[in-house]
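Colleague: Turn this into a model:
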Amino acid sequence: MRKLVVVVLAVLFVAAMAAYTCTFTVRFTDVAVLTTFGKAGENAIKTEPGPYLKWPYPVQNVTTYDRRVRFVQARSETQQTADARQIIVEAFATWRVKDPLKFFQRFSNAGDRAEDQFARAESTIRDSLRSALGVTSRFRMDQLFSTEESGSKIPELESQVLQTLRSATSGGQSLDDLGIEVMSVGVNRLLLPEDTTNKTMDAMIQNRQKLVKELESQGDSRAAAIRSKALSDAQRIEAFARRRADEIKAQGDAEARQYYEQMNESPELAVFLRNVDFIKTTMSRRTTLVLPDSLPGFDMLSLTAFDKLKAGAAPGSLSTDPAIKLFPGKDGAQPARQNPEASR
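Modeller: This is a model prediction of the structure:
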């Protein structure tokens, strides 16, 4: 019984080893190259997914390639533009294995593993991409660096790099002859060299300073014009105001002349009415005034106001001195100071 178990286990082990060495599986994302004694023929390519049989190694060997798109990044390279400017261009490319047989025949010397062959292929693509970036010399700096998306020609640059890369040769063969299909090319960075950046910054600073000086000059010119216009307008307005004031004053003097004539006919009455208006104006508010009755206009409030009226003094006259006669005589003579001794 024990021997039977050992025999069964041995048979199973041999079957497993035979299955491992005599079969292989192709996934739906892969393509396999079946080689016989290290060489591959037309029927060596297996593209349909599923299990396959093969002779054990070293009679036959299988190399499996991933058919999905791969990515390769190129190093930054200094390129010259059409206007003799230096810029640093950093680009990438996407690619895949187009012809597994050509790919195997070209890169199988890199190693038996697919990863080693992919590394050799990416090195070849990277060198070709670096050479293809030379088409940057067909574009000017202002065509690549633009503030408007529609104005930049970077997409056109990428298209021309892709065309050049597809037609590029490596040892007399194009990438298509190597079984490689380049899917796309992109420019992910455009930089200026350090010295060019410094010169560009200096030029920008000078342009900004020049613009600032121009704006300051324009501002000073406009300020001077505004001040000159304001001064001219002020002088014109002042002259107009003076003329208008003189006209109003002359009109007022002309209108007041008739009142002056009426007041001259009876100046004492005019003074009396003026004092009454003064009292009305002064006493129209809630105001407490402590004033002597000898002030002009307040003699009407004195206790002797009626005595003065009886004595012939004009109420509201400018003086309360009984020695001064305020009313002119009938002949229109000016009031004269009376003799105090005579009045007594």
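Colleague: okay, and for the stretch 1-150 of the chain, where does confidence drop off?
Modeller: 13-20, 149-150 (pLDDT under 70).
Colleague: quick one: the strands in it?
Modeller: With DSSP state E, counting those that start in this stretch as the criterion, the stretch 1-150 of the chain has strands at 23-26, 30-36, 45-46, 50-53, 60-66, 70-73, 77-80, 86-97.
Colleague: go on, the stretch 151-300 of the chain?
Modeller: Using DSSP E, counting those that start in this stretch, strands in the stretch 151-300 of the chain cover 180-191.
Colleague: low-confidence ranges in it?
Modeller: Using pLDDT under 70, the flagged stretches of the stretch 151-300 of the chain are 168-172, 196, 284-285, 287, 289, 291, 297.
Colleague: Can you get me a residue count around residue 120?
Modeller: When neighbours are defined as other CB atoms under 10 Å, residue 120 has 16 of them. All C-beta atoms are positioned from the backbone trio N, CA, C, and that covers glycine.
Colleague: swap in residue 124?
Modeller: 19.
Colleague: looking at it, it is touching residue 179, isn't it?
Modeller: No: taking contacts as CB atoms under 8 Å, residue 124 lies outside contact range of residue 179: 11.1 Å.
Colleague: Spell out the residue ranges of the helices in the stretch 1-150 of the chain.
Modeller: Counting by DSSP state H, counting those that start in this stretch, the stretch 1-150 of the chain has helices at residues 2-22, 100-107, 114-132, 141-144.
Colleague: Point out the most buried one among the ones you listed.
Modeller: helix 100-107 (a mean of 20; mean count of other CB atoms under 10 Å).
Colleague: got the angle between it and strand 30-36?
Modeller: Angle of helix 100-107 versus strand 30-36, following axes from the mean of the first three to the mean of the last three CA atoms, to 10 degrees, is 60 degrees.
Colleague: other SSEs contacting helix 100-107?
Modeller: Applying 3 or more CB pairs under 8 Å, 6 or more residues apart in numbering; DSSP states H and E, one finds that helix 100-107 makes contact with strand 30-36, strand 60-66, helix 114-132.
Colleague: Not counting its own residues, what contacts that helix?
Modeller: Applying CB atoms under 8 Å, 6 or more residues apart in numbering, the external contacts of helix 100-107 come out as 31-33, 35, 40, 42, 44-45, 63, 65, 97, 117, 120-121, 173, 177-180.
Colleague: Rebuild the strands of the stretch 1-150 of the chain as a markdown table, extending it with distance to residue 152.
Modeller: Conversion of the strands of the stretch 1-150 of the chain to a markdown table gives the following (distance: least, CB to CB, whole Å):
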| stretch | distance to residue 152 |
| --- | --- |
| strand 23-26 | 44 |
| strand 30-36 | 39 |
| strand 45-46 | 43 |
| strand 50-53 | 49 |
| strand 60-66 | 35 |
| strand 70-73 | 22 |
| strand 77-80 | 16 |
| strand 86-97 | 13 |
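Colleague: what would the ones you listed look like in a markdown table with mean neighbour count?
Modeller: Output for the strands of the stretch 1-150 of the chain, formatted as a markdown table (neighbours: other CB atoms under 10 Å):
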| stretch | mean neighbour count |
| --- | --- |
| strand 23-26 | 15 |
| strand 30-36 | 19 |
| strand 45-46 | 18 |
| strand 50-53 | 10 |
| strand 60-66 | 18 |
| strand 70-73 | 15 |
| strand 77-80 | 15 |
| strand 86-97 | 19 |
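Colleague: just so I know, which of those lies nearest residue 113?
Modeller: strand 60-66 (8.1 Å; CB to CB).
Colleague: and residue 260, how far is that from residue 266?
Modeller: 12 Å (CB to CB, to the nearest Å).
Colleague: Kindly list the main-chain dihedrals of the residue most central in space within the chain?
Modeller: Centroid-nearest residue in the chain: residue 147, 13.1 Å away (criterion: CA atoms, centre = their mean). Recorded main-chain torsions at residue 147 are phi -80, psi -20, according to degrees, to the nearest 10.
Colleague: Which residue, neighbours along the chain excluded, lies closest to residue 83?
Modeller: Distance criterion CB to CB, 6 or more residues apart in numbering; nearest residue to residue 83, sequence neighbours excluded, is residue 140 at 4.6 Å.
Colleague: Lovely, talk soon.
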